[in-house]
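Undergrad: Build me a model from this:
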Amino acid sequence: MIQTLIPAPATAEARAPGRYGRFLGTTLTARALLLLAAGALWAIPGFFHLRWLPLMLAWDALVIALVIADALSLPPARALRVTRTFLDSPVLARETRIELEIQQATNSPLLLHVADDLHSALAQLPPSGTLTAWPRDPARIAFSVTPTRRGDFPLGGIWLRCRRSLGLVERRTVSRPEQRVRVYPAMERTDDDAALYLLRIRQIELQRRRLRITGTGREFDHLRDYRAGDEMRNISWTATARRAHVITREFTTERSQQVWIVIDAGRLSGTVFEMRRTAAPGSSPGFGFRSAAADESYLLSLTQLDQACSAGIALAQTVMQAGDKAGLLVYGRGIQQQLLPATGPGHLRSVIDALSMARNERSEADHLRAATRLGQLQRRRGMILWITEMADSARRPDVAEAATDLARRHLVLLVVLGHEEVRATASREPHTAAQMFESAAAQEVLERRRQTLGGLRSRGVLVVESTPGALRTDAINEYLEVKARGLL
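TA: Alright, predicted model coming up:
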């Protein structure tokens, strides 16, 4: 799947920058200016003996002649052709390798300085480097960037400065390949994690094959003779007419369930977390979360929605591997993204594209509208895997009302994000009056949260409290636990 997410290469010829770039794009180098300045040294003895002045003029004329010859030897802009190739799929918070290939149609080598004007979501400063392009032999230079935002972004031009071996004059050109890339949510799953999840899925499937629960669910299993107490709606009237006695349909628990992955993109989803590079001894570098006080240096900052989208992709993969159908709903004040439950690689690609375009909103999310839309889209019993954060308020949060309403017909698993800073503030020992008030406020917030979540559990809503760093693992483990217990 990752290979299919790599953008296609883009190629373009170099052009002179601007309207008058053909004439103003050629400039003197520092070497040429130093040689001209060296000619001025002949003026010092010229103050005492005039015979030295012709030598100064001859030196300047020689340097100017060399500059003109060097300028005429430079190739025109159209002789350069640049190709930008992504070696990796652009994924949030993961290093992405980009390769530039330059071809020049001349008979002598060129010294090139290259700067790639990428979008700020990929690199804050344009990556640059120097290389030598030989005649009719592609020259390549590669560099790595780390995307900091999801979505579609246009890429700028590739700026070139070329010079010959004399190095007295350089020409500035720009190549503008038409290229637009999409930065995807983090999709990393280690081989050990993937193998563990797949093993659990196989164990669940074997268990269900050995112990098939009949009499429940709505998936047809077999026909049998009518028994006292059977429901009238389960009678097969066509089979009854053929066999001349009453026949009942027997049902079993559905093997393929519909699982909705619902992601809250409201105001609270914009909470930012510092993400730092961590690596276990002897292993390749990875990414993880640490407290802000632990280290002042950090790689980049990710929002809570970024982590939810990453968890959504991992959940969709796991749901499909388990034989279920995955649907997607991303909402804020309105519905941002909506995909009906389906399975297969094509549907997984649609999920990845939809989550790449999810954006957090500044206003509070409309949880009741999202619940209403889910009720309209999902008529039969299914599983709602809802990733959200519960706002602190004196009254009951809307997301609790929406989850309770959906739990009357569906199995609702609410993954609620929390913050360790609040728990740390509530549990620390105060030493000043300000710290005492902060601890009391944090304890009150946690108590209201505990009561709200307890009420949800008493109404049949499954609740998992997680943190952005552990969101993906907690959500997948709880889904597999639901599958193992046969709650759907």
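
Undergrad: Give me the nearest residue to H113, chain neighbours excluded.
TA: Distances taken as Cβ to Cβ, 6 or more residues apart in numbering put R161 closest to H113, at 4.3 Å, once the chain neighbours are dropped. The C-beta positions use only the backbone N, C-alpha and C, and glycine is treated the same way.

Undergrad: That neighbour reaches L110, doesn't it?
TA: No - taking contacts as Cβ atoms under 8 Å, R161 lies outside contact range of L110: 10.2 Å.

Undergrad: who has more neighbours, those two?
TA: A direct count of neighbours by other Cβ atoms under 10 Å for R161 and L110 places L110 higher, at 24 against 18.

Undergrad: next one: stretch 403-411 to chain centre, how far?
TA: For stretch 403-411, the gap between its own C-alpha mean and the chain's C-alpha mean amounts to 31 Å (Cα atoms, centre = their mean, to the nearest Å).

Undergrad: now do stretch 145-155
TA: Offset of stretch 145-155 from its chain centre (Cα atoms, centre = their mean): 9 Å.

Undergrad: Pull out the buried positions in that stretch.
TA: If you call a residue buried by 16 or more other Cβ atoms under 10 Å, then stretch 145-155 has these buried ones: V145, T146, P147, T148, R149, R150, G151, F153, L155.

Undergrad: Can you tell me how far the closest residue to S363 other than its chain neighbours is from Q376?
TA: For S363, ignoring the flanking residues on the chain, the nearest one in space by Cβ to Cβ, 6+ apart is R333 at 5.4 Å. Look at R333 and Q376: by Cβ to Cβ, to the nearest Å, they are 18 Å apart.

Undergrad: mean confidence for the helix or strand where the residue nearest to H113 lies?
TA: Assigned by DSSP states H and E, R161 belongs to strand 158-163. Per-residue pLDDT over strand 158-163 has a mean of 92.

Undergrad: neighbouring strands for the next helix or strand after that strand, and are they parallel or not?
TA: Where DSSP H and E defines the elements, the next helix or strand beyond strand 158-163 is strand 169-175. Its sheet considered, strand 169-175 pairs with strand 10-15 (antiparallel), strand 26-28 (antiparallel), strand 158-163 (antiparallel) by DSSP bridges.

Undergrad: How about the first one, which residues are buried there?
TA: Read it as strand 10-15. Residues of strand 10-15 classed as buried: A10, A12, A14, R15 (neighbour count, 16+ other Cβ under 10 Å).

Undergrad: go on, the shortest one?
TA: Within strand 26-28, the residues scored as buried using 16+ other Cβ under 10 Å are T26.

Undergrad: do stretch 155-174 as well
TA: 155-164, 168-174.

Undergrad: cool, stretch 121-132 as well?
TA: By 16+ other Cβ under 10 Å, the buried positions in stretch 121-132 come out as A121, L122, A123, P127.

Undergrad: and of those, the nearest to L487?
TA: For the buried residues of stretch 121-132, the residue nearest L487 by Cβ to Cβ is A121; the value is 40.9 Å.

Undergrad: is it true that the closest one lies in a strand?
TA: No - under DSSP: H, G, I helix; E, B strand; the rest coil, A121 falls outside any strand and is assigned coil.
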